[in-house]
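Novice: Quick one, structure for this:
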Amino acid sequence: MTTLVLVPGLVCDAAVWRHFVTALHPNGGVAEVVIADHRALDSLGAMADRILADTRGPLAIAGHSMGGRVALEAWRRAPGRITGLALLDTGTHPLAPGDAGARETAGRHELLDLARTRGMAAMAERWVQGMVWKPRLGDTALIDAVIAMFARSNADVFAAQIRALLARPDAGALLPGIRVPTLVLCGADDAWAPADRHREMAARIPGATLTLVPDCGHMCTMERPEAVTRALLDWCSLVIRHAPSDARAQL
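Specialist: Prediction:
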C-alpha cells in the first residue's frame, strides 16, 4: 500500500493541505496519508531521513516550497521507494553565491529577529506581503489563516528551518533521473519561486506535468485550493496507474 506523504514548507503545517485532504477523503479516506512534521530539524536531509524512517513501503510525496526540496532529498536517498513526486512552489538551486546569497541570508535573519522580538504573528504579517498574490492581500480570511498558521509555530523552529534552507543542497542534477509521475506546480504570480523556474524544472523531468495556477502567489494551496486540489488529484490518479501492482492504493 502506498503512503501519501504531504510535506509542508517553512513553518507551515497541515493547514496548507486541508482542502486537498478533504477532497481526497470525502468518506473518511481509504489510503494512508502522512503530513510531515519537521519540528526543529535543521537540515533538509534530516527532514527527508525522518520521513523515510517514519514510514514503510512505497511513498508518493507532495511537497510545498521547502517541502518540495525535502521531497527531492527523499528521492535522492530512496528513489526505489518513491512512486510519485509533486513539487509545488519550490526550487532546486542552492544558496546563490556573492551578494545575492548575502541578501537572502540577511532577509531571512531579519524576519527571524522580528519573530524573536515581536512574535511569529508579527513576522508573518510582514512575510505574507510578498508571498500572497497582491490583489488577495485584502482577503482577510486568507491572510488571517496564513498568519495564524505561522503563529502556531515558534522562533526556535523558524531558526532551525532557516538554517536548513540556507544550507540547501543543489538538487538540479536529480531531475533528469526522475522516472515516476511528477507534478510541477506553482502560482503563476509567485514572486519567490517564479513560474519560469518551474518551467525549467518540468522540462528536465521526463514526462513531468507542469501546472501554473493563475492569479496565485507562493501560498498556492491556500490561495487557490480548488485548482491545486484538482491538479493533485489528477497526479494521484497517475501515481496509482503507474505504481507496481503490490504498491497500489486507492487514493
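Novice: going forward, measure contacts between C-alpha atoms and count neighbours the same way
Specialist: Fine.
Novice: now Ala40: how far from Arg163?
Specialist: Distance of Ala40 to Arg163, given as Cα to Cα, to the nearest Å: 10 Å.
Novice: Poorly predicted segments of the stretch 1-150 of the chain, please.
Specialist: Applying pLDDT under 70 to the stretch 1-150 of the chain flags the ranges 25-31.
Novice: how does it look with 50?
Specialist: Residues of the stretch 1-150 of the chain meeting the criterion pLDDT under 50: 27-30.
Novice: Do a quick rundown of the helices in it.
Specialist: Shown for the stretch 1-150 of the chain, the helices assigned by DSSP state H, counting those that start in this stretch span residues 18-24, 44-54, 66-77, 98-118, 120-127, 140-151.
Novice: what's the closest of the ones you listed to Glu32?
Specialist: For these, the distance to Glu32 is smallest for helix 18-24, at 10.9 Å, taking Cα to Cα.
Novice: Please name every helix or strand in contact with that closest one.
Specialist: Counting contacts by 3 or more Cα pairs under 8 Å, 6 or more residues apart in numbering; DSSP states H and E, helix 18-24 packs against helix 225-242.
Novice: So which bits of the helix it packs on are buried?
Specialist: Pro225, Ala227, Val228, Thr229, Ala231, Leu232, Leu233, Trp235, Cys236, Leu238, Val239, Ile240 (16 or more other Cα atoms under 10 Å).
Novice: Check pLDDT for these and point me to the minimum.
Specialist: When the buried residues of helix 225-242 are compared by pLDDT, Ile240 scores lowest at 86.
Novice: Just list the residues touching the closest residue to Phe20 other than its chain neighbours, thanks.
Specialist: Nearest residue to Phe20, sequence neighbours excluded (Cα to Cα, 6 or more residues apart in numbering): Thr229, at 5.0 Å. Contact analysis of Thr229 by Cα atoms under 8 Å, 6 or more residues apart in numbering lists His19, Phe20, Ala23, Thr221.
Novice: Please apply the same query to Leu183.
Specialist: Contacts of Leu183 by Cα under 8 Å, 6+ apart are Leu85, Ala86, Leu87, Leu88, Ala208, Thr209, Leu210, Thr211, Leu232, Trp235.
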